[in-house]
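Colleague: A structural model of the following input is requested.
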Amino acid sequence: MSIASGASPATFAYARFTRRVQGVYIDLIILVLIATAALMIAVAFKSDNVGRVLGFTVAITWLFYEPLLVSLTGSTLGHLYCNIRVVDDRSGGNVSFVKAVVRVIIKTFLGWYSFVSMAATSRHQALHDLLTQSTVQIRNPAKAKPHHFARERPPLPAGVPSRARRIVITAIYLVVCVVLAGLAYAGMFNVGLISSRCLDFNICTGPERWIDIIATLILLAACALLLGLGWRGRLWGARIRRTGQGTGHTLDGLDKT
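Modeller: Residues are numbered from 1 along each chain as shown. Presented below is the predicted three-dimensional model:
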């Protein structure tokens, strides 16, 4: 089912994480195919000069593929296939080339962890979106299905703790989560499920790679859940103070602020 006619415009329909991941993998497949084709051509010609030219071309393609397409059209080929586009907060149009480059650098450096903030931000922004003042939105509402997008989250309710308190408490939970993940990896190492070569040098066997991927996905999901709950005031230590009906005081006897 597509978005009904008369619904909010695409500027208010933000791409979900799953949709964005699909776009990332499509772009990755395209870049790998380009690199593979270049390698095959270089081998066929058996020329160092051709190999150097092709190698330089592939490197430039990997570096500027996303920034160029996003700044010129708002979408990479993966984005276009998934019906999403990157939008500049200030202009409502495409982001500049410089912003597009910064987005790629941040996303490359942080990896999947950049997407964790989508669980807490009102407009479902990843960290590289927030730092470049951009959002990822549905490109054509008529072609979108309900599970492709999400609307802006409602404002926080009354009685939510201060921003500083929520940040501190959420950070404590995240640190505990990371420590537990480290202990889990240590346990897997002790029982032989994962080797030191995989942990220290990322040289993993097939089963070890799958264990590492699954563990990373669990950690990402846990961090995203904690961020979402923490920002909405649902973690112990920074929970919403419910107000009593018909009074100006919270249930714990404190005045509303």
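
Colleague: Which secondary structure elements does the helix or strand encompassing Arg165 sit against?
Modeller: Using DSSP states H and E, the element containing Arg165 is helix 163-190. Applying 3 or more Cβ pairs under 8 Å, 6 or more residues apart in numbering; DSSP states H and E, one finds that helix 163-190 contacts helix 196-201, helix 206-231, strand 234-235, strand 238-239. No exception for glycine: its C-beta is placed from N, CA and C like everyone else's.

Colleague: which stretches of this structure form helices?
Modeller: 17-45, 48-73, 77-81, 97-110, 127-131, 163-190, 196-201, 206-231 (DSSP state H).

Colleague: so which of these comes closest to Ile138?
Modeller: helix 17-45 (8.6 Å; Cβ to Cβ).

Colleague: packing partners for the closest one?
Modeller: Looks like helix 17-45 contacts helix 48-73, helix 77-81, strand 84-88 (3+ Cβ pairs under 8 Å, 6+ apart).

Colleague: most neighbours per residue, which of those?
Modeller: strand 84-88 (a mean of 24; mean count of other Cβ atoms under 10 Å).

Colleague: what angle separates the least confident helix or strand in the chain by mean pLDDT from helix 97-110?
Modeller: Counting by mean pLDDT, DSSP states H and E, the chain has its least confident helix or strand at helix 48-73, which shows a mean of 87. For helix 48-73 against helix 97-110, the angle by axes from the mean of the first three to the mean of the last three Cα atoms, to 10 degrees is 110 degrees.

Colleague: Summarise which helices and strands helix 48-73 is packed against.
Modeller: Checking 3+ Cβ pairs under 8 Å, 6+ apart, helix 48-73 ends up next to helix 17-45, helix 77-81, helix 97-110.

Colleague: what residues does stretch 211-220 touch?
Modeller: Stretch 211-220 is contacted from outside by 112-113, 115-116, 177-178, 181, 184-185, 188, 193-194, 198, 204, using Cβ atoms under 8 Å, 6 or more residues apart in numbering.

Colleague: As CSV, those with pLDDT would be great.
Modeller: Converted to CSV, the contacts of stretch 211-220 look like this (pLDDT from 0 to 100):
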residue, pLDDT
Trp112, 91
Tyr113, 92
Phe115, 95
Val116, 94
Cys177, 96
Val178, 95
Ala181, 96
Ala184, 96
Tyr185, 95
Met188, 95
Leu193, 94
Ile194, 94
Cys198, 93
Cys204, 93
